[in-house]
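> Below are the sequence and a predicted model for it; my questions follow.
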Amino acid sequence: MWRPILLLCAACVCIEGVLAASEPEYRLLLLTIATEANDGYNRFARSCKHFGVEFEAVGMGEEWKGGDMLVSTGGGQKIGLLAKAAEKYKDEKNLILMYTDSYDVIITSSPADILAKFKDFKAKLVFGAEGFCWPDESLKSKYPRLAYGKRFLNSGGFIGFAAEFHSIVSHRAVSDTYDDQLYYTLQYLDAERRTELGMKLDHRSHIFQNLNGATSDLQIQFNEDGSSYLLNTAYSTTPSVVHGNGPLTMKDTLNRYGNYLAGAWSSKEGCLACNEDYGDLKKAYEEEHPLVTIAIYIDQPVPFLHKVLERVERQFYPKSRISVFLHLGFQARYHAEKAKAWVNSVKSLDPPYANVVFDDATFNDTATAEEARYTGMNECKKFNCAYYFSVNADVMLSNRLALKRLVEQNRTILAPIMSKPEKLWSNFWGAVSSTGYYERADDYISIVNGERRGVWASPHISHVYLVRRDVIDRDVIVYEAAEDRDVEMSMSTALRRKGVLMYATNREESTWGHLSELASYDSKRLHNDLYQIFDNKWDWEAEYIHKNYSQALNESVPLKEPCPDVFWYPLVSEKFAQHMIEEVEHDGGWSGGRHEDKRLDGGYENVPTDDIHMTQIGYQLHYLEMIKRYVLPVQLRAYPGHHAEGKALLNFVVKYQPDRQPALRPHHDSSTFTINVCLNRPHIDYEGGGCRFIRYNCSVTENKVGWTMMHPGRLTHYHEGLRTTGGTRYILVSFVDP
């Protein structure tokens, strides 16, 4: 008879007021407090919808009077709001009420799962637990002893029968600024009251996962179907409520988890939340595109500024819907001529921009980067913009659809993820340390490298970002540069404190562009971009290497061979040639073609030319790098079997003029092979000239700007420089592997 009795007991509706195995169907209702529908609330609501959790937001539209709980105690206002909301449910026997915060909470499982877990507690009320005795550490000793798990009550989430729920929230009236966690703690520590309410704590995060002090135990995991969940590895539990309690860094951690949880991202399908609130502009008429202010900030000298401006101008977005604001700071006065020229050019575009404003601060050494950005946002307001697109002058925005795609994504603040070429340094952070600086998140590399794509909540964005107008109108963006923090660090910190989510996206399969390296940029030379081969090699190569250089590496295309073992191919652009000529003429230290030469170790040149060495203009290492990158691969093709080292002690520009040094007598070069780059135009800039290889009686006279002639230096290729009969001829010569 024992087994039937057990079965009969199991069929009872209620045993001492706790949820029993075969009770009538219970309904779960989640009550939350939210006075505004901000980003955190919208994420919370989305997670409830995803898992089918019915919820009621209490306090929406009311003024928050509970204090700043991020930096101090408070939250008593929540108790009064909950007491009022729970009043109407207190007599519903089959109702289970659950409370959670909303701005820093994500729901991660269904009502059935939550109710099953609550039933397992065999309690009337269950509160979340944490490892810190907040807000009064002196109460620590009053807590019941615990061998395993988190010992102390956390008030960010609790669940219980409607009657007990109402009882605890309406126990006594408190002020709006009274600490809500202390309110519940005192009832829990009262043993008689704890028994009366049937209170227990969720010591091992079965239902409630509080992040503060627990993040080292937590991992985002994926099911076989690709869906995500949060695993507490310390207790092998999968909590249903994730609460970012504690300091600002815990909010950041929750935001990072929110990139994956509640169906936001799948290991099989990628970003599932990316299409939510998406505004497709593919079929939109011109006048249907939101108004955008593009604000470009030139705060310091930057490389390839003309390319930065050109790429902004080439954005595929109706110009009639764009106002342009260009700020040129005092420290960037080096760029004054280029900036003014660009402003004048875009003012005359057809079709034109709706408005162009030039904020020239080059004569005001007290103007700050912070002031410039406030001015830019004010220009956005004047334009009645829907979006404000902030672009620093180190941003190479190569994707012409970038602005349109960012607008379509419709986020509060959204940055296109860009990094410095071949580096992990990017314009977004995955995590922030307790001191407010960069900290590596476990998914950062996967995101920067494009292995995971989506739209990612981020604690810090910089350099380039789109801001929705409602964020500007809320006055939550703060720019306050300090000695240890730039304007964008202050902006990100202020937004985090205000609970405004920032996002970064790498959703596009094609890159948005990249960031320039500024650390070593020197504005003291005539053409400073020419010197960027090391730090900004992508942009340098696009600017200065010949557009057809790749043909020289194409095995299916024969190298041109105008004379035996003399090869001729495109190496540098016309702009390189022009800038090199202007750079050496700006230096002006021509040798005069004399035998005595103090630049050489021996002080004597046997076959002198009128030249300037690359060492004189600080370009020796740069040109050696050019030889290694762009000459040696072609040399190996031209002279197979010889693996050159790429050493070149003498790299120099030679100037031939009829009345100065018109020609060069026959000679061998002190090199394994020589390269000779044509820097200006025959029959236009000069007449005559060229090179004659005496053994073969073969001359190369019809040169092209940027093309290089490559030939052996010793034994077989005795040669002479043919007479220049008019104008000035420039060539760039290197003796490789002497």
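Thanks, I have the structure now.
> And Ile159, its phi and psi?
Here is the backbone geometry of Ile159 (degrees, to the nearest 10): phi -140, psi 150.
> wouldn't it be in contact with Met98 here?
Yes: contact criterion Cβ atoms under 8 Å: Ile159 and Met98 qualify, at 4.1 Å. For every residue, glycine as well, the C-beta is placed using N, CA and C.
> what's the overlap in contacts for these two?
Common neighbours of Ile159 and Met98 (criterion: Cβ atoms under 8 Å, 6 or more residues apart in numbering): Ile114.
> now the chain, which segments are flagged as low pLDDT?
Low-confidence regions of the chain, defined by pLDDT under 70, span residues 1-23.
> Would you map the strands across the stretch 551-700 of the chain?
560-563, 566-570, 611-613, 651-656, 664-667, 673-678, 686-688, 691-693, 698-700 (DSSP state E, counting those that start in this stretch).
> Output those in TSV; the columns should cover mean neighbour count and distance to Tyr257.
As requested, these are exported to TSV (neighbours: other Cβ atoms under 10 Å; distance: least, Cβ to Cβ, whole Å):
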stretch	mean neighbour count	distance to Tyr257
strand 560-563	16	60
strand 566-570	22	53
strand 611-613	23	59
strand 651-656	23	56
strand 664-667	13	71
strand 673-678	24	56
strand 686-688	17	68
strand 691-693	21	68
strand 698-700	17	67
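> Reformat these into TSV and put distance to Lys547 next to each item.
Output for the strands of the stretch 551-700 of the chain, formatted as TSV (distance: least, Cβ to Cβ, whole Å):
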stretch	distance to Lys547
strand 560-563	17
strand 566-570	8
strand 611-613	27
strand 651-656	23
strand 664-667	31
strand 673-678	16
strand 686-688	24
strand 691-693	25
strand 698-700	22
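> Quick one: closest of these to Lys117.
Nearest of the strands of the stretch 551-700 of the chain to Lys117, taken as Cβ to Cβ: strand 566-570 at 70.3 Å.
> partner strands of that closest one, parallel or antiparallel?
Sheet pairing of strand 566-570 (DSSP bridges) gives strand 560-563 (antiparallel), strand 707-712 (antiparallel).
> Out of the ones you listed, which gets nearest to Tyr297?
strand 707-712 (39.7 Å).
> residue ranges of the strands in the stretch 301-450 of the chain, please?
Remark: strands assigned in the stretch 301-450 of the chain by DSSP E, counting those that start in this stretch are 322-328, 355-360, 387-392, 395-396, 413-416, 428-429, 431-432, 438-439.
> could you check the angle strand 322-328 makes with the second one?
Inter-element angle recorded for strand 355-360 and strand 322-328: 10 degrees (by axes from the mean of the first three to the mean of the last three Cα atoms, to 10 degrees).
> Give the buried residues for strand 355-360.
Across strand 355-360, burial judged by 16 or more other Cβ atoms under 10 Å covers Val356, Val357, Phe358, Asp359, Asp360.
> Could you measure from the second one over to Met491?
Here the distance between Val357 and Met491 works out to 21 Å (Cβ to Cβ, to the nearest Å).
> ok, now the last one?
Here the criterion is Cβ to Cβ. By it, Asp360 lies 24 Å from Met491.
> sorry, back to before: adding distance to Tyr630 as columns, could you present the strands of the stretch 301-450 of the chain in a markdown table?
Output for the strands of the stretch 301-450 of the chain, formatted as a markdown table (distance: least, Cβ to Cβ, whole Å):
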| stretch | distance to Tyr630 |
| --- | --- |
| strand 322-328 | 34 |
| strand 355-360 | 39 |
| strand 387-392 | 30 |
| strand 395-396 | 21 |
| strand 413-416 | 31 |
| strand 428-429 | 33 |
| strand 431-432 | 40 |
| strand 438-439 | 35 |
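> Trp342 is nearest to which of the strands of the stretch 551-700 of the chain?
With respect to Trp342, and counting by Cβ to Cβ, the nearest of those is strand 566-570 at 29.4 Å.
> Next, the angle from that closest one to strand 673-678.
Going by the same axes, to 10 degrees, strand 566-570 makes 40 degrees with strand 673-678.
> Which helix or which strand is home to Val126?
In the assignment (DSSP states H and E), Val126 maps to strand 125-130.
> Can you list the helices and strands that that strand packs against?
Packing partners of strand 125-130 (3 or more Cβ pairs under 8 Å, 6 or more residues apart in numbering; DSSP states H and E): strand 152-161, helix 162-169, strand 199-202, strand 208-210.
> neighbouring contacts of it?
With contacts defined as Cβ under 8 Å, 6+ apart, strand 125-130 is touched by 118, 149-161, 164-165, 168, 184, 188, 197-203, 205, 207-210, 212-214, 241, 243, 245.
> Put the buried members of the residues you listed into a PyMOL selection.
The buried residues among those can be selected in PyMOL (16+ other Cβ under 10 Å) with this line:
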select buried, resi 118+150+151+152+153+154+155+156+157+158+159+160+161+164+165+168+184+188+197+198+199+200+201+202+203+205+207+208+209+210+212+214+241+243+245
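> and the strand or helix carrying Tyr503, C-alpha only, in CSV?
Assigned by DSSP H and E, Tyr503 belongs to strand 502-505. The C-alpha coordinates for strand 502-505 follow below in CSV (Å, rounded to 0.1, in the frame of the first residue of the first chain):
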residue,chain,number,x,y,z
MET,A,502,26.6,51.7,-28.3
TYR,A,503,26.9,49.3,-31.1
ALA,A,504,29.6,48.3,-33.5
THR,A,505,28.9,46.3,-36.7
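> so what strands line up beside it?
Sheet pairing of strand 502-505 (DSSP bridges) gives strand 413-416 (parallel), strand 455-458 (antiparallel).
> any chance you could map the helices in the stretch 351-500 of the chain?
Counting by DSSP state H, counting those that start in this stretch, one finds helices in the stretch 351-500 of the chain at the ranges 369-382, 402-409, 444-448, 469-473, 487-497.
> Can you redo those helices as JSON lines, where the extra columns are distance to Tyr143 and mean neighbour count?
Listed next are the helices of the stretch 351-500 of the chain as JSON lines, based on distance: least, Cβ to Cβ, whole Å; neighbours: other Cβ atoms under 10 Å:
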{"stretch": "helix 369-382", "distance to Tyr143": "48", "mean neighbour count": "18"}
{"stretch": "helix 402-409", "distance to Tyr143": "47", "mean neighbour count": "21"}
{"stretch": "helix 444-448", "distance to Tyr143": "38", "mean neighbour count": "18"}
{"stretch": "helix 469-473", "distance to Tyr143": "42", "mean neighbour count": "16"}
{"stretch": "helix 487-497", "distance to Tyr143": "31", "mean neighbour count": "21"}
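> Tell me which of these lies nearest to Ala295.
Using Cβ to Cβ, the nearest of the helices of the stretch 351-500 of the chain to Ala295 is helix 369-382, at 3.6 Å.
> who are the neighbours of that closest one, in terms of helices and strands?
With contacts taken as 3+ Cβ pairs under 8 Å, 6+ apart, helix 369-382 sits against strand 292-298, strand 322-328, strand 355-360, strand 387-392, helix 469-473, helix 487-497.
> if we can go back for a sec, Val464: which of the strands paired with strand 566-570 is closest?
The minimum distance between Val464 and the strands paired with strand 566-570 falls on strand 707-712, with 37.6 Å, by Cβ to Cβ.
> next structured bit after the closest one?
Per DSSP H and E, the first helix or strand lying C-terminal to strand 707-712 is strand 719-721.
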